[in-house]
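J.: Here is a sequence together with a model predicted from it:
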Amino acid sequence: MTITTLAVLVPLLPFLGAAGGLLTGRIAPGFVRPLAVLPTLTAFLLAVVVASRQGGGPTVDAATRLTPTGSVPIDLALHLDGFAVLVAVLVGLVATCVQIYSTAYLRDDPRYPSYTALVSLFTSAMLLVVYSGDLMVLLVGWEIMGICSYFLVGHYWETPEARAASLKAFLVTKLGDVPFLIGLFALAVDTGSFRITRILGAVANGGLDHPTLIALLLLAGVAGKSAQFPLHTWLPDAMAGPTPVSALIHAATMVAAGIYFVARLLPVFAQSGAALVVLAVMAAVTMTGSALAALAQDDIKRVLAYSTIGQLGYMAGALAVGDRGAAVFHLLSHGAFKAVLFLAAGVVIHAAGTNSLAAMSRMGGLAKRIPDAYWTMTVALLALAAIPPFSGFFSKEAVLVAAEHTALGDRHVAPSAAGWTVLVAGLLTAALTAAYATRLWLLAFRGRGAEAPDHGRQPVAMTTVLWVLAVPTIAFGLTVGAIGDWFDDHGLTPSLTTAVLSTGIGLVGGLVTYGAWRHTSALAARTAVGTVAPHPDAEPALVEAEALTAHTAAYGTAGDAPDPADPGRLLLGPLHRHAATGFHLDALYTALFVRPVRAAAGLVGFLDREVVDTYVRGSGTGARWLGAAVRRAQTGNVQTYLSALLAGSLVLAIAAVVFANVNAGS
């Protein structure tokens, strides 16, 4: 088969799997799991073959005219470059792992057939976005992902949280999609095509007349889809969906689509220095704000959700300084370790048999009960904190190096202000990331909350995929020197300055968090027993036992009370209560938009009910009264009719005489 034929099969197979799953889910439930796993697995293997054949070489383009439109044509087009084929491999790998994982995680779920079909459709839509060479076809995959996220986030629709989260995710992303669609049309009008290659060619020849307007319109859609400030508030609430869905959305689909889109069309955005500065500010606010919010969350999935927002901010920052290689490199690295983190969190929840242990302050004794999740999550958290030699270190350094070169004027793609903004925010976020990663590890695996029930060893389908995804988490960064051809022949090796600076800052953030945890643990123990600090010569084990005994005495033997040893409260101080609510953005949006819209809707309803309906009802009533009056006049008596006719004639005659006299007198 040719490379184009193989590439067409990659998104087509999950789509066929989704259709087959929906058709056979009720009549042949035994086929549901094979139809969920095998098409996605085959698509992943074909994506690997496509990537090996493309080999980071020249871009492969193929197209056929979809339909004549009378103006700008729409083509079924493929655009396979190094970025596209690598991202497709990531999507296929994570989607396959999620489908395998879900066979155990949702084993007893009555809606498992529809769930797997939607996951397959979600995967197909993302692969369509990745491989598409035409923006209108890309938009189809873009919007299909939106509706799939609505159904998957609301999978547990019996709970009000899931219903509200799915609706919020749909509405917020659609809020960005409206200007995004306008931007696509404006781009096509300026360049005369929806084909990516022709658009980039027109941009290179100076054919873009409104670069700033187009770039800002497109960025609105990117902010919604990739959860960037100020349209990021839907992503933490989306944790109400099943944990495998969270892994898929955060690691390889949906939120990655916006970053990938900007990387594809980066020359368009690079035409406007103002747009790049806006993107840099958006990325800086996103990464720092989300890191602070993550440090204050108690739900383990919400911590990871804010973490995703922050890492997407790094990718957006790399794009803001004109380095799409660093952005896509971090997208790939992040996809691997974030999938591990979410799926490991799912093992934690599954081990407890309920979602109640999603609160880290109520966890305890997990390291020994779920060792696979413990070790893989530890590796993934080290990658998240950018500790060498894990993949997150190399990809995050690539972003910081790009920002440093732009800030110092070594690169002239973007304004130096964008470089400084991304660099300073990136270094600050590195410290905060290490802090909340350390806090998560301490509270989840060293906390003093309730111990998870011992259900024995977790299902192999769940633990195996953790180790599969842990391999690229460990090794992907070490291949950075060998895959430069896949990233526009762009070097992605760390520089000594940023490597030492960011790693040192990260280590400081982790150590400070650990010290704060030790301090709060000792303080909680002293508060519980009502005593002062233990004797300096006391054995550490004795002090630890005293602290645990005091905590049990204070909160009861059930052990389900929150662990008071939360370093986040100490580190954030008065800022903690604001960070815990996402800095009240939801409340702000409710005051600025939701309440006025509801008030306007209430006014429209009142006018419709009291004015329009009253007019309609009045018209009907008047017609009925007139009909009744006419009906009363129809008596069937001829004498009555003649009398009325005579009276009417007499009235008309008198009126005519009066009118004639008036005219004669004047």
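T.: Arrived safely.

J.: Let's verify residue 386: helix, strand, or coil?
T.: Using DSSP: H, G, I helix; E, B strand; the rest coil, the secondary structure recorded for residue 386 is coil.

J.: what sits against it?
T.: Residue 386 makes contact with 392-393, 396-397, 430, 433-434, 502-503, 506, according to CB atoms under 8 Å, 6 or more residues apart in numbering. C-beta here means a position set from N, CA and C on the backbone, and glycine is covered the same way.

J.: quick one: which of those residues is most hemmed in?
T.: The most crowded member of those, judged by other CB atoms under 10 Å, is residue 396 (33 neighbours).

J.: who touches it in this structure?
T.: 314, 330, 386, 426, 430, 502.

J.: For those, give me CSV that also has pLDDT, distance to residue 244 and secondary structure.
T.: CSV is the format used below for these (pLDDT from 0 to 100; distance: CB to CB, whole Å; DSSP: H, G, I helix; E, B strand; the rest coil):
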residue, pLDDT, distance to residue 244, secondary structure
314, 96, 25, helix
330, 93, 23, helix
386, 92, 26, coil
426, 95, 30, helix
430, 95, 29, helix
502, 89, 32, helix
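
J.: Just name the closest of these to residue 571, please.
T.: residue 430 (15.2 Å; CB to CB).

J.: quick one: that closest one and residue 567, what's the gap?
T.: To residue 567, residue 430 is 18 Å away according to CB to CB, to the nearest Å.

J.: Next, work out how far apart residue 154 and residue 241 are.
T.: As for residue 154, its distance to residue 241 is 7 Å (criterion: CB to CB).

J.: just for the stretch 451-600 of the chain, where's the confidence low?
T.: Scanning the stretch 451-600 of the chain for pLDDT under 70 picks out 451-456, 481-482, 484, 489, 491, 524-564.

J.: Can you show me the helices along it?
T.: All helices of the stretch 451-600 of the chain, identified by DSSP state H, counting those that start in this stretch, fall at 460-475, 496-529, 540-555, 567-572, 576-580, 585-589, 595-607.

J.: Also the stretch 101-250 of the chain?
T.: For the stretch 101-250 of the chain, the helices defined by DSSP H, counting those that start in this stretch cover 112-131, 135-153, 160-191, 196-204, 211-225, 234-237, 243-251.

J.: Hmm, residue 124 and residue 253 touching each other?
T.: No. The criterion here is CB atoms under 8 Å, and residue 253 misses it with residue 124 at 10.1 Å.

J.: Where does pLDDT dip in the chain?
T.: Scanning the chain for pLDDT under 70 picks out 69, 352-357, 364-365, 448-456, 481-482, 484, 489, 491, 524-564, 666.

J.: ok, the residue nearest to the spatial centre of the chain to residue 46 distance?
T.: The centre of the chain sits closest to residue 255, judged by CA atoms, centre = their mean, with a distance of 4.3 Å. Distance, residue 255 to residue 46, by CB to CB: 24 Å.

J.: one step back: tell me which of the contacts of residue 396 is nearest to residue 591?
T.: residue 314 (30.8 Å).

J.: circling back to that earlier point, tabulate the contacts of residue 396 (a markdown table), appending distance to residue 222.
T.: Shown next, in a markdown table, are the contacts of residue 396 (distance: CB to CB, whole Å):
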| residue | distance to residue 222 |
| --- | --- |
| 314 | 15 |
| 330 | 16 |
| 386 | 24 |
| 426 | 19 |
| 430 | 23 |
| 502 | 26 |
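
J.: and which of those is nearest residue 21?
T.: Among those, and counting by CB to CB, the member closest to residue 21 is residue 330, at 33.1 Å.

J.: Spatially nearest residue to that closest one, not counting backbone neighbours?
T.: residue 395 (3.9 Å; CB to CB, 6 or more residues apart in numbering).

J.: can you check residue 393 too?
T.: Spatial nearest neighbour of residue 393, chain neighbours left out: residue 386 (4.6 Å); criterion: CB to CB, 6+ apart.

J.: Can you report phi and psi for that neighbour?
T.: phi 60, psi 40 (degrees, to the nearest 10).

J.: Could you measure from it over to residue 204?
T.: In this structure, residue 386 and residue 204 are 35 Å apart, going by CB to CB.

J.: and if you look at residue 250?
T.: Distance, residue 250 to residue 204, by CB to CB: 35 Å.

J.: With neighbour numbers in mind, choose between those two.
T.: Between residue 250 and residue 204, counted using other CB under 10 Å, the more crowded position is residue 250 (30 against 10).

J.: Verify the stated contact: that one with residue 340.
T.: No. In this structure residue 250 lies outside contact range of residue 340 using CB under 8 Å: 11.2 Å.
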